[in-house]
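A.B. asks: task: produce atomic coordinates for the following.
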Amino acid sequence: MLIQPHPGLRLQARRIGAEGAPLLVIDQAAADPDRLVRKAARGHFTPQGTLFPGLRIRAPLSYEMFLEQLLRPLLAPHFGLPADGRFTFPMCHYSLVTLPPERLAFLQRVPHVDSVQGNGLATMHYLFRGDWGGTAFYRHRGTGFESVDETRQAGYFAMLEQESRREAATDGYIRGDSPLFERIDAVEGVFNRLVVYRRNSLHSGDIDNARIPPADALAGRLSINGFIDILA
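C.D. replies: Next up is the predicted model:
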């Protein structure tokens, strides 16, 4: 399955919040996104891990090649990472958010980081046409952190654990400001839009608690989520 960048793709480079973490928004990312959707519809999605609120299935290996081709020229100017670095993919999956808000654990009700490593990137490729929400970025009120690296990790998670004992999180998926977090940026979920950001930025899916997407690749909140490590 050969996946090519769209010849008319559009790149927007942004900075998140006061810390100015890089954020890329790439519209018309893939030349044939419907082919990716059809591939997902033929697969068997299953729960994977304890934190993702839904179902996943492995994306094709050719999608990793597509990401490397697309992102390699963007590493140095936007993320300060070596353009000749080696791409490795700890994760690259089709994803469907399906978990009802009343079944979410505390850590699923608050923004999260995917890694504390500075060389780790996350990608989110929206492959749905419905109004199923995008991705939002947050600042933790207690610490003021918008990202969590190795130096912040112990203090941040210690405070979050204390807060979880005395302060209720949102009633479901977080959508905007809460007692513990302030929303500082957001990207709308648009078909064939690819979002790229550092994995240690605090973020969350922007999910409507009154309308949870179905477990259906053709009608639900289908995306491809990738984790990328750039090794020198």
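A.B. asks: the lowest-mean-pLDDT helix or strand in the chain: which residues count as buried?
C.D. replies: Ranking every helix and strand in the chain by mean pLDDT, DSSP states H and E puts helix 153-166 at the bottom, with a mean of 93. Neighbour counts using 16 or more other Cβ atoms under 10 Å place 156, 160, 163, 164 of helix 153-166 among the buried residues. Placement of C-beta: from N, CA and C, glycine included.
A.B. asks: name the nearest residue to the first one, ignoring sequence neighbours.
C.D. replies: Here the nearest residue to residue 156 in space, its sequence neighbours aside, is residue 148; by Cβ to Cβ, 6 or more residues apart in numbering that works out to 5.0 Å.
A.B. asks: try the last one
C.D. replies: Distance criterion Cβ to Cβ, 6+ apart; nearest residue to residue 164, sequence neighbours excluded, is residue 106 at 5.1 Å.
A.B. asks: and the helices in this protein, which stretches?
C.D. replies: Along the chain, the stretches classed as helices by DSSP state H are 33-41, 61-71, 75-79, 153-166.
A.B. asks: helices or strands up against the longest one?
C.D. replies: For helix 153-166, the contact count by 3 or more Cβ pairs under 8 Å, 6 or more residues apart in numbering; DSSP states H and E identifies strand 135-140 as packing neighbours.
A.B. asks: and the contacts of the strand it packs on?
C.D. replies: 16-18, 21, 23, 111, 124, 145-146, 156, 159-160, 174-176, 180-187, 189, 195, 197, 201-206 (Cβ atoms under 8 Å, 6 or more residues apart in numbering).
A.B. asks: for PyMOL, write the selection for the buried entries among those.
C.D. replies: Of the contacts of strand 135-140, the buried ones can be selected in PyMOL as follows, counting by 16+ other Cβ under 10 Å:
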select buried, resi 16+17+21+23+111+124+145+146+156+160+174+175+180+181+183+184+185+186+187+189+195+197+201+202+203+204+205+206
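A.B. asks: okay, now the unreliable bits of the protein?
C.D. replies: The model of the chain has pLDDT under 70 over residues 167-169.
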